[in-house]
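> Sequence first, then the predicted structure:
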Amino acid sequence: MADGDGPATGIFTDGSSVPNPGPGGWGVAYVVDNEVIDERCGHDPDTTNNRMELTALIEALDVIPEGTAATVYSDSHLAIRTITEWAAGWEKRGWKRKSGPVENLDLVKKAYSGFKARPELELQWIKAHVGYRWNEYADELASRWRDS
């Protein structure tokens, strides 16, 4: 950690939709020792927060070269737990939940298979809106579409 600014190295992701559902955006920042190596962002005119969070995680897979060990940060407990805890069971049950269909199945499958294929990447939750520099930056990237 860097003196209360949060991690100085990693891939920081965020997604949002305002209102939810409604128009939204996603952002990804690949940072090494507080230097931005790569950043990406995008927009969807009709989406949800969860779709944008998952999209950001999928985009993160393309930002860092294969074989490069790194931590991928998201402030979405739901997105992290979907990929690290729940998706394996859903896959075994034919992509079904015990309580009904898997929401955002297209993105869940893509994120799950992407991270499964990249064991050098660790997914980790990071607290939102507490001043962590690069998480706030990913949030700004996810909101850029509003300025255009």
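Perfect, thanks for sending it.
> List the pairing partners of the longest strand anywhere in the chain within its sheet, with orientation.
When the chain is parsed with DSSP state E, its longest strand is strand 35-47. Taking DSSP bridges as the criterion, strand 35-47 sits next to strand 22-32 (antiparallel) in its sheet.
> Return the distance of the strand it pairs with from the chain's centre.
Taking CA atoms, centre = their mean, to the nearest Å, one finds the center of strand 22-32 at 8 Å from the center of the full chain.
> same check, this time on stretch 127-143
12 Å.
> Residues touching that stretch, excluding its own?
2, 4-8, 10, 12-16, 24-29, 31, 34, 36, 39-41, 52, 56, 73, 75, 126 (CB atoms under 8 Å, 6 or more residues apart in numbering). The C-beta positions use only the backbone N, C-alpha and C, and glycine is treated the same way.
> Go again with 6 Å.
Residues outside stretch 127-143 that contact it (CB atoms under 6 Å, 6 or more residues apart in numbering): 5-6, 12-16, 25-27, 29, 31, 41, 75, 126.
> Other residues contacting the longest strand of the chain?
Strand 35-47 is contacted by residues 17, 23-30, 59, 63, 141, 144-145 when judged by CB under 6 Å, 6+ apart.
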